[in-house]
Each structure stands twice: as structure tokens, then as C-alpha cells.
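Participant: Sequence plus the predicted model coming up.
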Amino acid sequence: MPRERQDYMRKQKGGRALLRLLALYIGIMALCLLTGCKAAGDSQEKVRDLEFSVAGEMDVPEELKKLISEKQSQPFKLTYSDDKNLYIAVGYGVQPTGGYSISVNELYLTDNSIVINTELKGPQKGENPGNEQSFPYIVIRTEYLEQPVVFQ
């Protein structure tokens with residue numbers, strides 16, 4: 001076989017090997033993206049429920065009250081802590097009438113966060129909510145923990 005033909009075949013084999021290697025690399029990267037490669041410990045799996053109470057007006061720290069009054073016209077999510085308690089505040093902004101309530105569907109601890117899920121409920125049928133705007137919000141108090149809060 002002529003030498004030029006041998007060189008040409010050798011180059012083709014090298015090119016095919018490079019293409020195979022590139023295809024393998026792309027396949028591995030696609031698999032990582034499709035499976036959602038996560039860092040270990042990035043789980044939202046519940047470790048335990050957290051006990052909490054709804055903080056009344058007199059139980060909310062003054063600094064947190066001030067923040068709420070500044071932000072109440074827009075939806076907000078705040079956390080505040082002192083030496084003993086963690087306060088989580090969720091507001092739903094301005095509503096056209098009164099009669100709204102907020103329920104806490106879940107509050108639990110994961111390996112690396114605190115998860116809270118709240119829901120705004122409108123006025124009940126047959127209830128007279130009035131004509132004035134309202135600014136529904138809730139402040140809950142739970143044990144002091146250093147994990148970040150994830151609002152759902």
C-alpha cells in the first residue's frame with residue numbers, strides 16, 4: 001500500500017477516536033444535566049416538624065413591627081431572630097377588602113433549611129368583608145435555629 005494512503009487511513013482513525021471521545025463527554029454531561037446533579041445534603045426532605053405559635057401584636061419585637069409596617073403594601077417574606085426565638089413573617093400585600101386569613105400549611109426542618117408554606121384565604125361566602133383595603137400578614141414564632149428559611 002502506498003505510504004500516502006497509510007497516512008490518510010491513520011489520520012481517519014485518529015479523527016474517529018477523537019469524535020468518539022467527544023461524543024462520550026457530551027453524553028456524560030447530558031446525563032448529569034438530566035439527572036440534576038445535586039450536591040450531597042441539598043435535600044428538602046423533612047427531618048421533623050417544627051412547633052410554632054402565631055405571634056400576637058404584643059409578642060412581635062418592635063424592630064420587626066417597624067419592618068412589617070414599611071413593607072406591608074407589597075407581598076413580603078421576612079425573618080427575625082433574638083436570643084431565644086425565630087420569627088417568620090409572611091405578608092400578602094394590599095387586598096381590596098378585609099376578611100382574609102392566612103394558614104400555615106407546613107413548617108419543618110430539613111438537613112440544611114427551615115421550610116415554610118403558607119396560604120392566603122379569602123373572605124368566606126356570606127361574610128361582609130367591608131370596603132376598606134387590608135394588608136394581611138402572619139408572624140409565627142418558633143425555636144431559634146440558624147438554618148436559612150425557604151418560603152414555599
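Facilitator: Noted; the coordinates are in hand. Numbering: from 1, shown residues only.
Participant: mind checking the end-to-end distance for stretch 87-102?
Facilitator: 16 Å (CA to CA, to the nearest Å).
Participant: tell me which residues of that stretch are tucked away?
Facilitator: By neighbour count with 16 or more other CB atoms under 10 Å, stretch 87-102 contains the buried residues Tyr87, Ile88, Ala89, Val90, Gly91, Tyr92, Gln95, Gly98, Tyr100, Ile102. Every residue, glycine included, has its C-beta placed from N, CA and C.
Participant: measure the second one to Gly122 for me?
Facilitator: This means Ile88. Ile88 sits at a distance of 22 Å from Gly122 (criterion: CB to CB, to the nearest Å).
Participant: related to what we said a few turns ago, can I get the buried residues of stretch 87-102 in CSV with pLDDT?
Facilitator: Shown next, in CSV, are these (pLDDT from 0 to 100):
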residue, pLDDT
Tyr87, 98
Ile88, 98
Ala89, 98
Val90, 98
Gly91, 97
Tyr92, 98
Gln95, 95
Gly98, 93
Tyr100, 95
Ile102, 97
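Participant: next SSE after the worst-scoring helix or strand of the chain on mean pLDDT?
Facilitator: Lowest on mean pLDDT, DSSP states H and E among the helices and strands of the chain sits helix 3-35, with a mean of 57. Sequence order places strand 48-49 as the next helix or strand after helix 3-35, per DSSP states H and E.
Participant: after that following strand, next one along is what?
Facilitator: strand 52-54.
Participant: And the next helix or strand after that following strand, what does it pack against?
Facilitator: Next in sequence after strand 52-54, counting helices and strands by DSSP H and E, comes helix 62-71. Secondary-structure packing of helix 62-71 (3 or more CB pairs under 8 Å, 6 or more residues apart in numbering; DSSP states H and E): strand 75-81, strand 85-92, strand 137-143.
Participant: Name the surrounding residues that touch the second one.
Facilitator: By CB atoms under 8 Å, 6 or more residues apart in numbering, the surrounding residues in contact with strand 85-92 are 55, 60-61, 64, 67-68, 71-72, 74-81, 100, 102, 107, 114, 116, 118, 120, 135-145, 149, 151.
Participant: Neighbouring strands - and their directions - for it?
Facilitator: Under the criterion DSSP bridges, strand 85-92 sits next to strand 75-81 (antiparallel), strand 137-143 (antiparallel) in its sheet.
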